[in-house]
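>>> Quick one, fold the following:
(one chain, ligands or ions: 3)
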Amino acid sequence: MEIIVYLLAVLLTALSILVFLLVRKIRHERSKNKNLSALINASEVYTITWTTDFSRIEANKPMTEFLEKIGRTADENFLKSIFLDNDSLGTTGSVLLVGAMAKEGRTAAFTLSDGSVRHILWKSKIINTGDAFTSIATTGTDVTEEYTTQKELDTAKQQQAIASESLDIAAESAELGILTITHTAVGYDISISDIGREMLGIDGENITYEDFTSKISINERELFDNCVHKLFSEASASDSVEVNIRISENTVHRFLFRIKATKCTSNNLNRLTAAFVDMTAERANISRREHVSGEDPLTGFLGRNGFFSDGEAYLAKAKEENTGAAVVSIRIDRYQKISTLFGMEIADRLLLTYAQGLENCSRNPALFGKIAQDNFAVLLPFSDKKNIDLFVKELSLFIENACNGNILPSILTEQSRFTAGVCFYDGTDDIISLYNKANMTLYTEFSESNGVCRYFDKTVEEKIYNRDTIEEELRTAIKNGEFELYYQPKMSFDGTELLGAEALMRWNHPANGVVSPISFIPIAEEVGLITQIDEWGLMEACRQAKLWQDKGYKPLRVSVNMSQAQLYQTDVVSSIEHALNSSGLSSEYLEVELTETMAMQDIERTISILKKIQELGVSVSMDDFGTGYSSLSALKLLPINILKIDRSLIYDITANPTSHSIVKAIVELGKALDLVVLAEGVETEKQSEMLSKLGCTIAQGYFYGKPLTAADIERKFLKNTAITE
Ligand code: C2E
Ligand code: CA
Ligand code: CA
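Ligands and ions are numbered 1, 2, ... in the order given. The predicted structure is shown next:
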């Protein structure tokens, strides 16, 4: 009896402790949520928090107001309209999570009740990864301003192109002026057509060359003059020049001249004939943004010419005061790719971030220039590597923070890196050659690197030469058959069944040994040799797979990696057909891998190509899924069979609940789309268990086997599958 009472007492105590703990936990959660709600409500940013089961959807005040304006409510359908482009996959919010986690965010347009259109950039963060559902906070920023100025600029630029072409069309109408300049013993003679004179606001018929040039705006006279001199002296074919001309006391118009040199053999005088059109209307838009001073309109930095002329003075001062100077040329890696992938708006934001970073991280007096689209130059008062290294390191951190702090899509931390080339001023170079040396240093190696700093020295020119040699070596490698395919097994999660193998390229370099595709594929892409290499890989993989079958092993499906060039620039469908026919491999044993990023470049074309590939009986797999440009609606349209979850998500799945949630959502998405889900980069037993539990069906990674030569695959994996023998 005593024991029962005692046990009861213990039980009661335990219970009350449990209740106490529970209440405290709930209170704590509540206060946490309350704090969070307070924070979210205080923010100016549109915020909507939601759970993947849609049981809780909450909007903050700005969001609620915004929803009212667009006549919507904070519900499941609204969320779907952001992440699925109104195209419901008919599944749970877990699928929506994949779209929500698209690292660069998504921009969607909304029409307000007053008829105006706002563009909102939505970004999401996982705030809680419960077992049953995940809570997400989605924030929206109004980017209409950036969006529309960009649109305006695009239109203006387009108009500019049209205007240039319209010279020919204008010739047929009355809007074209003709001007001839003749080189005489005493100078230039000029004559202008009637319409031309009218356009330029010139009254009398007789006008001297000097009269004419005096009408050109002061800072552009030299430009026009130089163009004329050049055409006469070099007798080069033609040139174009655009200048402002005062056509009346209060009116300045902009004219585009296309000038052609013609030789009059009769009297041996050279003559120039120019056609010109009035570009004022077309330029109005652009000049608003692009300063005559040559300033970069976006960053406000000096343009190429400005940097070089101010740079000369900077160097002169440094020499006089003996302070030392260095030029740092900063190249944003993959800028082109970023602007194609993420759009001009993000690309501009990236440039602005760099501009800000450069200013923040440099010491006075510094001079900044925007030299080319992806290239900044900075003149710094340093003569030692330590200070420069520090500057570059700080810049690198600044960019990284911008990516993590939502100024830029976080995916850019992986995508956007930069390289710095440095040349110190030794008192002899002029600014242009100093910049050229710094810039040249950028190109000594193919690989792009995060904030790596390369210094100019005597070997740079030699290295540039070597780069060309690599291209030569690659050509030889193709001719001499120095490439080899390694194969990496794809297995069932319990490791008992071999389900396929991915063919991975290796280069057996005669001097350097086995070279990884990471170091030569980018070069091959850059110099246009990738399609030949891939063509070979495709043929070789088919040949090998058929050979294994002929040897009596259980048929193995091989997958080959496609490059973007192969997909878009070659008739890849015919290549595949040819490879199958000439090897005799049945199409069901071939699979092609392409990345999300590649597919999104031209989605319609990709769909049509992939359809044809599937019609041949070949499987298609979406490589590196979860890292790139996730457009769920597009994914639904893409004819694919397999989703390969990128190894960056697998890598920390056991430690990072966010990765776990995303992988979980991808698996669910795969199921909704009837796709096989493969996890790549499985390295540990723990990862394997977790992935298998989540519902992945195929595993690839070092835990199951590294890429091996064909002979090793045969020995280690195929021998025990022999059907005959
Ligand atoms: P990928 O298509 O994502 O290929 C998988 C890469 O991950 C391979 O690197 C493989 O060795 C590596 N890997 C496999 N399991 C693990 C693991 O458990 N942990 C880690 N850390 N890594 C693992 P590899 O062979 O160096 O290939 C690199 C990339 O080169 C490939 O990435 C692919 O994009 C490209 N590539 C390879 N072969 C070809 C080819 O024939 N044509 C083209 N166009 N690209 C190729
Ligand atoms: Ca692959
Ligand atoms: Ca991959």
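>>> okay, CA-based contacts and neighbour counts for the rest of this
Noted.
>>> Please list the residues of the stretch 551-700 of the chain that sit near ligand 3.
Applying Cα under 5 Å from the ion, one finds that the stretch 551-700 of the chain approaches ligand 3 through 623-624.
>>> Now for the closest residue to ligand 1 within the stretch 551-700 of the chain, how many residues are close by?
Nearest to ligand 1 in the stretch 551-700 of the chain, going by Cα to the nearest ligand atom, is Gly681, at a distance of 3.4 Å. By the criterion of other Cα atoms under 10 Å, Gly681 has 21 neighbours.
>>> what do you get for Lys716?
11.
>>> what sits against it?
By Cα atoms under 8 Å, 6 or more residues apart in numbering, the contact list for Lys716 is empty.
>>> Chain neighbours aside, what residue packs nearest to the residue of the stretch 351-500 of the chain found nearest ligand 3?
Nearest residue of the stretch 351-500 of the chain to ligand 3: Gln488, at 11.7 Å (Cα to the ion). Closest residue in space to Gln488, ignoring its immediate chain neighbours: Pro707 at 3.9 Å, by Cα to Cα, 6 or more residues apart in numbering.
>>> The residue of the stretch 551-700 of the chain closest to ligand 1 is in contact with Gln700, isn't it?
Yes: between Gly681 and Gln700 there is a contact under Cα atoms under 8 Å: 6.0 Å.
>>> Dihedrals phi and psi, the residue in the chain positioned nearest to ligand 3?
Of all residues in the chain, Asp624 sits closest to ligand 3, at 4.3 Å by Cα to the ion. Asp624 adopts backbone torsions of phi 50, psi 40, taken as degrees, to the nearest 10.
>>> oh, and call the first residue 895 from now on, that's how I've got it
With the count now opening at 895, the last piece we talked about shows up as Asp1518.
>>> Please work out how many residues are found near it.
21.
>>> Next up, phi/psi of the residue of the stretch 1445-1594 of the chain closest to ligand 1, please.
Torsion angles, degrees, to the nearest 10, at Gly1575: phi 80, psi 30.
>>> Now do it, the pLDDT please.
At Gly1575, the model reports a pLDDT of 96.
>>> Just give the nearest non-adjacent residue to it, would you?
Using Cα to Cα, 6+ apart, the closest residue to Gly1575 is Gly1595 (4.2 Å).
>>> cool, and Ile1501?
Per Cα to Cα, 6+ apart, closest to Ile1501 is Leu1532, 5.5 Å.
>>> Near the one you found, how many residues? Count them for me, please.
20.
>>> Run a quick neighbour tally on Gln1426.
Gln1426: 13 neighbours (other Cα under 10 Å).
>>> how close does the spatially closest residue to it that is not a sequence neighbour get to Ile1427?
Using Cα to Cα, 6+ apart and skipping the chain neighbours, the partner closest in space to Gln1426 is Ile1372 (7.8 Å). Using Cα to Cα, to the nearest Å, Ile1372 is found at 7 Å from Ile1427.
>>> the more surrounded of these two?
Ile1427 (22 against 15).
>>> What residues does the more buried one make contact with?
Ile1372.
>>> Show me what secondary structure element comes after the helix or strand where it lies.
Element membership for Ile1427 (DSSP states H and E) is helix 1424-1444. Using DSSP H and E, the helix or strand that follows helix 1424-1444 towards the C-terminus is strand 1452-1455.
>>> any idea of the mean pLDDT for that next one?
pLDDT averaged over strand 1452-1455 gives 98.
>>> Show me what that strand packs onto, helices and strands only.
strand 1392-1403, helix 1424-1444, strand 1484-1489 (3 or more Cα pairs under 8 Å, 6 or more residues apart in numbering; DSSP states H and E).
>>> Identify each buried residue in whichever helix or strand comes after that strand, please.
Note on strand 1452-1455: by DSSP H and E, the next helix or strand toward the C-terminus is helix 1458-1463. Using 16 or more other Cα atoms under 10 Å as the test for burial, helix 1458-1463 gives 1458-1462.
>>> Please identify the residues of the stretch 1245-1394 of the chain in proximity to ligand 1?
Taking Cα under 6 Å from any ligand atom, no part of the stretch 1245-1394 of the chain reaches ligand 1.
>>> what's the distance between the residue nearest to Ile1501 and Arg1541?
22 Å.
>>> quick check: domain ranges of this structure?
895-936, 939-1036, 1039-1064, 1068-1172, 1179-1350, 1361-1614 (automatic domain parsing).
>>> pLDDT averaged over the shortest one - what is it?
Per-residue pLDDT values over domain 1039-1064 give a mean of 56.
>>> do the first one as well
Confidence for domain 895-936, expressed as mean pLDDT, is 53.
>>> how about the strands in the stretch 1245-1394 of the chain?
Assigned by DSSP state E, counting those that start in this stretch, the strands in the stretch 1245-1394 of the chain fall at 1261-1266, 1269-1274, 1312-1318, 1346-1349, 1377-1386, 1392-1403.
>>> Of these, which stretch is the most buried?
strand 1312-1318 (a mean of 26; mean count of other Cα atoms under 10 Å).
>>> what distance separates it from the middle of the whole chain?
Taking Cα atoms, centre = their mean, to the nearest Å, one finds strand 1312-1318 lying 22 Å from the centre of the chain it belongs to.
>>> What of stretch 992-1000?
The answer for stretch 992-1000 is 15 Å, by Cα atoms, centre = their mean.
>>> quick one: average pLDDT of it?
77.
>>> So what touches that stretch?
976-978, 1015-1019, 1032, 1236, 1302-1306, 1520-1526, 1556, 1559-1560, 1563.
>>> Could you do stretch 1257-1277 as well?
1190, 1195-1198, 1200-1201, 1205, 1212, 1217-1227, 1229-1230, 1252, 1256, 1282, 1318-1319, 1329.
>>> What mean pLDDT does the helix or strand where Arg1165 lies get?
Assigned by DSSP H and E, Arg1165 belongs to strand 1163-1172. Average pLDDT, strand 1163-1172: 80.
>>> on contacts alone, who are the packing partners of it?
helix 1038-1066, strand 1071-1077, helix 1112-1128, strand 1145-1158.
>>> so what strands line up beside the last one?
With DSSP bridges as the criterion, the sheet partners recorded for strand 1145-1158 are strand 1132-1142 (antiparallel), strand 1163-1172 (antiparallel).
>>> Going by neighbour count, which residues in it are buried?
Applying 16+ other Cα under 10 Å to strand 1145-1158 flags 1146-1156 as buried.
>>> Tell me the buried residues within the contacts of stretch 1257-1277.
1190, 1195-1198, 1200-1201, 1205, 1212, 1218-1227, 1229, 1252, 1256, 1282, 1318-1319, 1329.
>>> ok, and of the residues you listed, which contact ligand 3?
Okay, of the buried ones among the contacts of stretch 1257-1277, nothing touches ligand 3 (Cα under 5 Å from the ion).
>>> Check the domains of the chain for me: which has the lowest mean pLDDT.
Among the domains of the chain, domain 895-936 scores lowest, with a mean of 53.
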